[in-house]
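> Show me the folded form of this:
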Amino acid sequence: MMRWEHDPVLTVEHLTMRFGGLTAVGDLSFAVGRGDITALIGPNGAGKTTVFNCITGFYKPTEGRLTVRHQDGETFLLERMPDHAISGTAHVARTFQNIRLFGGMTLLENLMVAQHRALMKASLFSIAGILGLGRFRHAERDALEKAKYWLDRVGLFARADDPAADLPYGAQRRLEIARAMCTGPQLLCLDEPAAGLNPRESAELNELLLFLRRDEGVSVLLIEHDMSVVMEISDHVVVLDYGRKISDGTPTEVRNDPKVIAAYLGVEDEEVEQVEVEVGA
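Numbers count the residues shown, from 1 in each chain. The predicted structure is shown next:
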């Protein structure tokens, strides 16, 4: 039995998202296994980013249930939570297709800002910080150490004091992932992390994501168009087409699924049988 079947960190049940008369996602169900790298793929316009926006609180689903279950068994219904609680309490973090760093801040400052909620809590919402009490100094020291750790892990420690906007594109991608990791996520949602990367940068990204899974115990859900990334590092692949799931399984199972091949080739539903014959299904 696969991890997403017996130990899911995220369970999506009958998710539907409508915008007026348009159904962007329809009756979608899938699970993300704890400790897995799960890829959500599909042709352009398949509804992938809409699913991410529902999971991370940018949209409230029209229908459906989104459940995060922590290692200790505590559960959170994401569709009932405000977006800041999804990040801060359910510990779901995300990056965006278009990088959203604070370009005028240094790399270190970007990672400290990511820990603002924990620092504010430790400061008793500014009182302990203003008075310089021990609990705040301790939390600030821990936050700084965490920021330094992640800068080192993504190979950017030497540029800690540089403005984020001065980084090349691939390094900005890694910094964005490091910033998300500073929030202590149990589930990390990455929206096209390999977009715009050259082959060397893409290989570095693969190594980083495998490290997150192997050494940090983080479950990863990613949207990705680069199939070399998807097939090389994913444990589980879910395929959408026109907002509906058409395949769900291991990379090998999905790669050989005629419905997936037909969707990526733009074949109409009635032609799928012909594709099955052609690929030997």
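> how far out from the middle of the chain is the longest helix anywhere in the chain?
Selection of the longest helix in the chain by residue count, based on DSSP state H, yields helix 134-153. How far helix 134-153 lies from its chain's middle: 23 Å, per C-alpha atoms, centre = their mean, to the nearest Å.
> Output that helix as CSV - backbone C-alpha positions only.
What follows is helix 134-153, C-alpha atoms only, in CSV (Å, rounded to 0.1, in the frame of the first residue of the first chain):
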residue,chain,number,x,y,z
GLY,A,134,14.9,36.9,27.7
ARG,A,135,12.2,35.0,25.9
PHE,A,136,12.3,37.3,23.0
ARG,A,137,16.1,37.4,22.8
HIS,A,138,16.1,33.6,22.8
ALA,A,139,13.5,33.4,20.0
GLU,A,140,15.3,36.0,18.0
ARG,A,141,18.6,34.0,18.3
ASP,A,142,16.8,30.8,17.2
ALA,A,143,15.2,32.6,14.2
LEU,A,144,18.6,33.9,13.2
GLU,A,145,20.2,30.4,13.4
LYS,A,146,17.4,28.9,11.4
ALA,A,147,17.8,31.6,8.7
LYS,A,148,21.5,31.0,8.5
TYR,A,149,21.0,27.2,8.3
TRP,A,150,18.6,27.5,5.3
LEU,A,151,20.9,30.0,3.6
ASP,A,152,23.7,27.5,3.9
ARG,A,153,21.5,24.6,2.7
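> List the buried residues in that helix.
Under the neighbour-count criterion of 16 or more other C-beta atoms under 10 Å, helix 134-153 has 136, 139-140, 143, 146-147, 150-151, 153 buried. Bear in mind the C-beta positions are built from the backbone N, C-alpha and C, glycine included.
> Reformat these as CSV; add pLDDT.
Compiled in CSV, the buried residues of helix 134-153 are given as follows (pLDDT from 0 to 100):
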residue, pLDDT
Phe136, 60
Ala139, 74
Glu140, 82
Ala143, 90
Lys146, 94
Ala147, 95
Trp150, 97
Leu151, 97
Arg153, 95
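> any chance of these in a markdown table, plus distance to Thr11?
Output for these, formatted as a markdown table (distance: C-beta to C-beta, whole Å):
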| residue | distance to Thr11 |
| --- | --- |
| Phe136 | 37 |
| Ala139 | 33 |
| Glu140 | 37 |
| Ala143 | 32 |
| Lys146 | 29 |
| Ala147 | 32 |
| Trp150 | 28 |
| Leu151 | 34 |
| Arg153 | 29 |
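> Which members of the residues you listed are the farthest-apart pair?
Pairwise distances across these peak at 25.8 Å for Phe136 and Arg153 (criterion: C-beta to C-beta).
> phi, psi of Asp83?
In terms of degrees, to the nearest 10, the main-chain angles of Asp83 are phi -60, psi -40.
> Need the nearest residue in space to Arg213, chain neighbours excluded.
Leaving aside its sequence neighbours, Arg213 sits nearest to Ile37 (C-beta to C-beta, 6 or more residues apart in numbering; 5.5 Å).
> Break this structure into its domains for me.
The chain breaks down by the TED database into domains covering 1-91+185-280, 99-183.
> how far does the last one stretch from start to finish?
Spelled out, it's domain 99-183. 17 Å (C-alpha to C-alpha, to the nearest Å).
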